[in-house]
Structures are given as C-alpha cells and as structure tokens.
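Chemist: Sequence isn't available, so here's the structure alone:
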C-alpha cells in the first residue's frame, strides 16, 4: 500500500545524507496520505546504505503500525501529533544537522538576518523550551509534538509560513506541503543557522533584516503574488 | 538562437553547485551577446539536476523574453540593468554563497587582506546599502541593478577592476568579461570572505594588505604588464 | 588466521577517511578476538589507497606480532593495554579528527550539551592529562593506555557508557563492543566536538543538557529499556 | 627529458585540489633532479582538468626554461632560489590553502599546539615579513625566495625539520625530500592551522605543546630512532 508515497519518503530519507544533514541513521523523514489518514516513515536505526523503499513503515495518526515488518522511527509519535493537528502539513523531517543543532543547543531562536532566510521562513525560527520531567514521564515523543504546537500557538505563528522549529538541546524539525519541501526547509534552516552564527561573529551589531525586505522576499516566492519559479 | 552562448550559460550554472556556491536553485548565471544585444539566462526555479542547455532563456536589455518557454530568473531585470550600463561586462552571476552572504548580512565591505583577494579584486568589495521602501515599490530587481551602479559611481570604482558587490542582507553579484570569469570571481569572493572573517577572528589587529603588494599582485595578473598564465 | 576479523578491521580503517576523520594514514582501528586473546590492527604508515585486508597485523595482548609481514601501528601498545584491562571492549579507534583534536589541544573535557552527545556518551568525554617525562621514558604508548585507565578510574566512569577519551595535546581514542561501533563513536565525538565549540561561540552562557534529558536520550538507545533501532 | 619526474610533479599538482588545498589553478608544485640540476614545475594558469604530464616545464636553477612549450608558474623564481640554496630539498609546493593563508594574513607564526603538528613540524612554522618596496622592484619572486632563506637563517631553523613557511598576506610554501612529501606537508600545515585557530577560539589560555611531547612525537617519526611506518 501507498507504494508511491513510500518511494517519495525513501528518496527524502536518502536526500538527508546527500545534503549533509545526517550521518549514519540520525534523521527521519515522513509523508502523509490525507485520504487514508496514514503516513509513511523511515524504520528506526536502519543503515541508509542498505535501506529499501519497501522498508518504509505505514503508520496511523495514533502512531500504530499498519504495515511494515520493521519498527518505525523512534520519533514516530512526534510526527503523528503534528500531522493530526496541522492538516496543511504533508511531510515532516527531523535531523541533527550541525548548524541548526548548534542554535538548538544554544537555546536561541534563529533570527531572520538575510534573504536566504526570508525566501523560506517568514520570520525567526523559534526554539522551543525543554520538556519538563512530567512531560518526559508522560511520553517523550508525544509531548515533543505537543510542545511544538504550544510554541507556535503562543507565538501566533502560521505553521507553513515558518515551516520549522528547534527543540532546546536537541535539534530541528521542519515540514512542508510535501516531504520534498520539508527536506528543502531543513537544508535552508541549516544553511541560515550557519550564516547567522558567523554574521554575529563578524559583526556583533548586525541586525535582523528590515521588515520590508523580509516581506518582499517572502512574498516574491510565496502566496498569491509570487513570481519566482515556473507556473 | 545563440546556441553556443546557451551552452556556456548552462555550464556556468552547473558550475555553481559544483564549486559549492549554491544549493538547489539558489543562484543564476547569464551571458550577453553584444552583437545582438540579447542575453541568455537561467530559467527561474528549475532543478539543476534536470535542467538542459535548451532551457536557457533569451532576453533583451529591457528584460523581455525573446526566446524560451520557461520564465527567466526572477533576478533577470538586475542583470539587464548592468549589461545595459556596463558595455565591458560579458557575464553575470548571482548566488547566496555562504561566506560572501555572511559579509552581506553583516553589512560590511570585504577588505583586501591578502593576495588571493588582490589577484582578482583591486581593493575592497563594496557592500551596497538596503533598498528603500520607495525603491522596492518601484521595482525590486531593476532598482537593485541601479543601486549597484550608484555604489560603484559614488566610490569611483572600475567595474572590471572590482568585479563584484555585496547587497546588504542579501548576497553577492559578480561579473566578468565572460560568464566563466564571472563564476570564478564568485568563487574567489566566497573564499576571501571566509579567509578574511577568520583572519579577523584570529588577530583582531590584522590589517589590510599594503598598497604595494596589492598593486604587485593585481598587476601581475591584469593589464598590460601581466605575466601570469599563458599568452 | 582471523580472516573475518581482518576484513572488519580493514573496512573500519577505510571508514576513517570516508567519514572525514583522517587524512593520509593518521589513524588506526583494531578489533579483538576474545577467544584467542589476539587482536588485529592496521599496519603502521601504510597508504590507505593500496592497503589490503591481508596487510592487517595480528598481535597478542602484550603487543607482540603473531602474524603479518608489516609492522603494526605505532600505537599498538596503547590498544593492547586497553584490551587487556577492559574485557567488554571489542574494538578501538584512534584518530586526529579535527574537532575532537581541537578540544584535546584546548585541554578540555567535551561536555554533554545536546542529545546528539547523549545518544552515545552518558556524560562528558574526559580529557586526560599530559604524560610526565618519567612516563614518556618508560614507554609512551603503554603509559598512554595506563593513563586512559587512570582517568576512567579516578572519575568512576563506565568504559562503555563513555566510550571515548581525549589525550591532552594529542587527540581522541574511542572504543565499543566491536570495531564498527568504535568508528561510529569517533564520528559522534568529532561531530559533538564541533557542535559544542560553536554552541559556546554563539552563546557563552549555554549550559549542559539537563540530567533528565541526558538520561532519557541515553537510555532510549542503551540498556534494558532501549527502544531505538530494530530488535 | 625527466619523464618520470614530470609524472610525479603532474600527480602532485593534481593532489592539490584533491586534498582541498587549491581551487582552479591557485597553486604549484615542483620537483628537482639533483643530478642534472634541473627542476620540473607546473605551467602557469593552466586548467587542472585539461593539464597533462607532458605540459610540465623543465627549468634550470636560474629559472630559465630548458624544455616545454608553456610558460612555467609565475612563482618559478622562488622555487629556483630555494632549490639552489638548500641541497636537501627535493620538492616544493605553493598554495593559498584556506587555513594556512588565514594565519599568513594574520601575520602570525603557527605554534605547535598538538602532536599532529609535532609529527611533521619540529616547532612553530614561521611567518615571514612583507617584502619592502625595494625588494618588490628588484624582483618579487626571487626576493620571496631570499626572504624565506633570511627567515630560516635568522631563526636558526633546520629547513627539513620545519618544512614550511608562511608569507605575510600571501600564503604557505612547503617542501620536503620529494614532491610527495612536500604536498603532505601542505596538507598538515593547513590542518594544524585550522585546529590551532579553533583551539585558541575555544580556550584563549591554551598553551603550546610541552617540549618533551614535541620531542617524543617528532622523533618517533623522524631521525635515527624513528619507529613509525615500515622500514
């Protein structure tokens, strides 16, 4: 079942090491079929060099395995919570990519300091707080999903306008309308994390991008008046 | 039409990811045929892995498409303004290459701190100011071209002696007598941006290259008395 | 003899440049056959591009060559001391990988600042002191092994829970239940060394991971209640 | 003539981009045949992708071309001066490798902060001063060679014990008993330049390697009592 989606998810997972976002099996990508309400995710801890499309696991929105002989990613429950709450998300990616993880470890939002950022993220990428002991005890992965929702609600952020988050001390999650764009958003987030760190290093007084340039670049690529790319 | 130039522009665009200057489609290269007054540029947002030479778009100096089925790069108008004003330019490249973009985000000129810089750029590479709201409203891409001209005029710079510029909060544009040298100038600008950032990190008191060494290296490779390379 | 183990050790040594941990011959990996009490190690200073599985050297726990025409790694005695003292170790890797070596040169423990670290190392990776002149005179490589043991004893560390060490001014040693996991632990140690350096650069006040998150991530992958990976 | 040496020099030049030391044609490697007193060097500004072994140029110790249809490297005179003065040198390499060039731009010696350094360089790698205007006028490349000699004489350094130098504002030269080891010394110098910069970044109080460890590591690999590598 969902053979086409398995192939897409498989390719997305292979793209993670290709773009330098993961080493070994440190990452996972998934995509959802909204009609059936099922999503496809990478199996846990399987070597990227031997993994096949048919190894992808089909899971329902409560995180139960529907098809597949391997255990799904240990982060499956986080994916499930996000798919359930945000109907507009089609794909999710989690990595420990170097530079985004550095901002996560520093416990800081990634500010919009340039148009590379503004082309994809309409403002800062938030860094969510640590989970409490109570939350960890209740279920680390489910609570991580809930914490992402809490973070976006509290800040009044549009989930597709800011398609990514950092988890304090952990690393990034990104998403998109499909898994391919979720991967691209992870690439962008890692790159702007690197650029912004060294921008501050070079000039401690460097400021965020002015709002009008942020608007211009984001809206050049997104929404009704976009004119970037092919129709 | 312009099949040879399309091939050159196609190859130049492929060189951008090859030299690590762009990820995905974040960049564009173009070249002009001065006889016909037409230039060839990459289509907007087309995947580098499937792009073909015949996908290149032919555009006139007002930025109108003359041949090609795809939309040209969203930055086409900037290229057009520069080709129109500077007869000596044969090729233009725009990227968000990591280290040059960091200087652009920091809002700083890249100073000439070594001979790697002096071999290509005869002095600092200027960082242009942000566009104003009025300029953005008038036309972001055209005004970006005009801003580059303004920057070079105000500073009295020779466009081929300093074949590159940074746009504050955005990234670099470089150019050259042909598109191949425009690509090379992007490679050099990114490399010296990296070197100079870490030079300052290592020694806060590091100074720019003395004028006589700058002269020696630039003139060893450029102008009438050059003795670098083959005749 | 030990042909299968030679193949594993050979592949592990090839993985060192593949993962960017060594240039030229700056590294060595070994694995032990506990039944015979013999271990297999890379020959000294042999080019990785021409090295064959059959070039691996078989050595006993006193560091004497049992089989092989080439001299074993100059660090063989350090491996021998560790295998002899720690029955639970199956493989050992030594590199001068860039970022772990930077912490070794700085003379600092690598603190656990994120879950990438906690997934593999249950707490800080210790930096051992310099050898004294007396120890150098007695035998540099044997004494290096003893110093690693001293460091773990003094700090009361479990050798498999913290499967790595830095030697002040030198670089990392890592180990594991087999040589494949010893290589992976070197990859992780280098990556977290890089992340942690830049985390401190970005935020001088960044703290170590809270104990409960460290516990959660380490125990999610290790020990009786682990639920990461396939059964 | 000197076909074998041309092949070695050709391979050494190809190794420069392979090890990430040069982009485009920014580097040159040469090797000398002491019997004939002639050396072989890369032609100037020839694309590494199309260069052939037969393009290598044969030059005498005064820098005159003896065989070859292409112009030799513009740095040929520097190589000639060094070969003439130091009989023990068999190969020379010049690059603008990123991290060594950063120390050159900072105008600082690269201190021996770890055993990666001590395995190859027996102490700091000196940074030579800028050439004066008089020296530039007399002949930039010849005077660069003389300045390297001056630097080593003034400091009383053994040319093979410290097989490299930085030129202020420019970049590194390295050498060795043959061109292969000269390339390796460039790789080591760039790597330790990177490590040492970030070591100081991480710990401003980090000290140079103690003399006894420096002695131990250098002498483990070099001289009469060396026991690293195969006989």
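Modeler: Looks like it came in fine. Remember, it's a predicted structure, so these values are computed and weren't measured experimentally.
Chemist: And the residue of chain A that's closest to chain C?
Modeler: residue A:45 (3.1 Å; C-beta to the nearest C-beta). To be clear about C-beta, it is placed using only N, CA and C from the backbone, and glycine gets the same treatment.
Chemist: Against residue A:44, how distant is the residue lying closest to that residue once chain neighbours are set aside?
Modeler: What sits nearest to residue A:45 in space, not counting adjacent residues and going by C-beta to C-beta, 6 or more residues apart in numbering or on different chains, is residue C:229, at 3.1 Å. Here the criterion is C-beta to C-beta, to the nearest Å. By it, residue C:229 lies 5 Å from residue A:44.
Chemist: And the two? Which one has more around it.
Modeler: residue A:44 (19 against 14; other C-beta atoms under 10 Å in any protein chain shown).
Chemist: Please verify my assumption that the more buried one contacts residue A:59.
Modeler: No - if you go by C-beta atoms under 8 Å, residue A:44 and residue A:59 don't touch, sitting 11.8 Å apart.
Chemist: Can you pull the residues that touch both of the two?
Modeler: When C-beta atoms under 8 Å, 6 or more residues apart in numbering or on different chains defines a contact, the residues bordering residue A:44 and residue A:59 alike are residue A:72.
Chemist: Now do the helices in chain A.
Modeler: Secondary structure of chain A, counting by DSSP state H: helices at A:3-18, A:76-85, A:98-106, A:115-118, A:133-154, A:179-202, A:211-221.
Chemist: Which positions in the helix or strand of chain A with the lowest mean pLDDT come out as buried?
Modeler: The helix or strand of chain A with the poorest confidence is helix A:211-221; it has a mean of 90 (mean pLDDT, DSSP states H and E). For helix A:211-221, burial by neighbour count (16 or more other C-beta atoms under 10 Å in any protein chain shown) applies to A:213, A:214, A:216, A:217, A:218, A:219, A:220.
Chemist: Check whether that helix comes near chain B.
Modeler: Yes - shown here: helix A:211-221 in contact with chain B (C-beta under 8 Å from any C-beta of the partner chain) through A:212, A:213, A:216, A:220.
Chemist: Please identify which of those residues is nearest to residue D:83.
Modeler: Of all these, residue D:83 sits closest to residue A:213, with 55.8 Å by C-beta to C-beta.
Chemist: Give me the neighbour count for the residue lying closest to that closest one once chain neighbours are set aside.
Modeler: Excluding its sequence neighbours, the residue lying closest to residue A:213 (C-beta to C-beta, 6+ apart) is residue B:169, at 5.8 Å. For residue B:169, the count of nearby residues is 30 (other C-beta under 10 Å).
Chemist: Now do the contacts for the residue in chain A positioned nearest to chain B.
Modeler: Distance from chain B to each residue of chain A (C-beta to the nearest C-beta) is smallest for residue A:229, at 3.0 Å. By C-beta under 8 Å, 6+ apart, the contact set of residue A:229 is A:221, B:44, B:45, B:71.
Chemist: contacting residues around the first one?
Modeler: It refers to residue A:221. A:119, A:120, A:228, A:229.
Chemist: so what's the nearest residue to residue A:125 once chain neighbours are set aside scoring on pLDDT?
Modeler: Nearest residue to residue A:125 in three dimensions, chain neighbours excluded: residue A:110, at 4.3 Å (C-beta to C-beta, 6+ apart). pLDDT recorded at residue A:110 is 98.
Chemist: cool, and residue A:231?
Modeler: Residue A:231 is given a pLDDT of 65.
Chemist: if I look at the closest residue to residue A:90 other than its chain neighbours, how far off is residue D:68?
Modeler: Excluding the flanking residues, the one nearest residue A:90 by C-beta to C-beta, 6+ apart is residue A:178, at 4.3 Å. Residue A:178 sits 57 Å away from residue D:68, taking C-beta to C-beta as the criterion.
Chemist: and if you look at residue A:154?
Modeler: 71 Å.
Chemist: Over to residue A:134?
Modeler: Taking C-beta to C-beta, one finds residue A:134 at 77 Å from residue D:68.
Chemist: So for the two, which sits in the more crowded spot?
Modeler: residue D:68 (18 against 8).
Chemist: For the more buried one, give me phi and psi.
Modeler: phi 130, psi 140 (degrees, to the nearest 10).
Chemist: what sits against the closest residue to it other than its chain neighbours?
Modeler: Excluding its sequence neighbours, the residue lying closest to residue D:68 (C-beta to C-beta, 6+ apart) is residue D:57, at 3.6 Å. Shown in contact with residue D:57 (C-beta under 8 Å, 6+ apart): D:40, D:41, D:42, D:43, D:65, D:67, D:68, D:70, D:71, D:72, D:73, D:76.
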